[in-house]
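Engineer: predicted model, plus sequence, below.
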Amino acid sequence: MQSESEKKRERLPVHSEVLIRENEKASLKEKFVSIFEGFFGGIDCSKGNPSFWHELFLLKVNGGYLERSIHFTTESGLSRLKEEFRIIFKGICDGLDDKNEKRVGHALEISIWMMKSIFKKKFSEFGSEAVDLFAPFHSSKQTFFIPFLTKLQNILDSDETFPLYLLSMQ
């Protein structure tokens with residue numbers, strides 16, 4: 001009998017980019033891609049690692065990978081991944097409070113790429129299905145959107161550097 005995460009992993013396509021070393025004897029996958037392959041495979045990569053989000057937000061964001069992964073995942077596949085997406089968006093929202101500008105910038109970049117990609121998709125019930133990926137639809141306003149937008153407003157109102165200001169405007 002397969003576990004739920006094994007079933008998710010089996011049904012969902014993996015769309016990763018592999019970086020080939022010049023000698024082509026070995027391939028090296030970006031750590032960012034490996035982490036998000038886990039999330040897209042139905043695995044909570046943050047579980048059991050209290051510094052996971054601090055480490056993730058220091059990695060260079062591969063927005064193209066995120067965009068392709070969401071684009072090539074079916075609506076039902078995204079729906080099966082809503083718990084993982086909620087974990088990601090909660091991590092992003094928490095990451096916006098970080099004192100390190102690089103972490104805040106990368107958290108914003110991930111949210112931008114994921115939100116753009118989600119809202120580009122065609123959903124049968126667009127509003128509720130798309131919003132349900134961020135937080136349970138009935139409570140998404142209180143559990144995700146208000147805190148997220150409040151933190152974006154704080155970045156806009158603060159004396160943060162101009163690149164963070166520009167990212168928060170996207």
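Structural biologist: Structure received. None of the values given here were measured: they were computed from a predicted structure.
Engineer: looking just at contacts, which helices and strands does the longest helix seen in the chain meet?
Structural biologist: With secondary structure taken from DSSP state H, the chain has its longest helix at helix 101-120. Helices and strands touching helix 101-120, as assessed by 3 or more Cβ pairs under 8 Å, 6 or more residues apart in numbering; DSSP states H and E, comprise helix 63-72, helix 82-95, helix 162-169. For glycine as for every other residue, the C-beta is placed from the backbone atoms N, C-alpha and C.
Engineer: which one of those lies closest to residue 49?
Structural biologist: Distance to residue 49, taken as Cβ to Cβ, is lowest for helix 82-95 among the helices and strands packed on helix 101-120, at 11.3 Å.
Engineer: run the chain-centre distance for the closest one.
Structural biologist: 7 Å (Cα atoms, centre = their mean, to the nearest Å).
Engineer: tell me the buried residues in that helix?
Structural biologist: By neighbour count with 16 or more other Cβ atoms under 10 Å, helix 82-95 contains the buried residues 82, 84-93, 95.
Engineer: and residue 134, what element?
Structural biologist: When elements are assigned from DSSP states H and E, residue 134 belongs to no helix and no strand.
Engineer: ok, now which ones touch it?
Structural biologist: 85-86, 89, 140, 144-145 (Cβ atoms under 8 Å, 6 or more residues apart in numbering).
Engineer: that's all I had, so thanks and see you.
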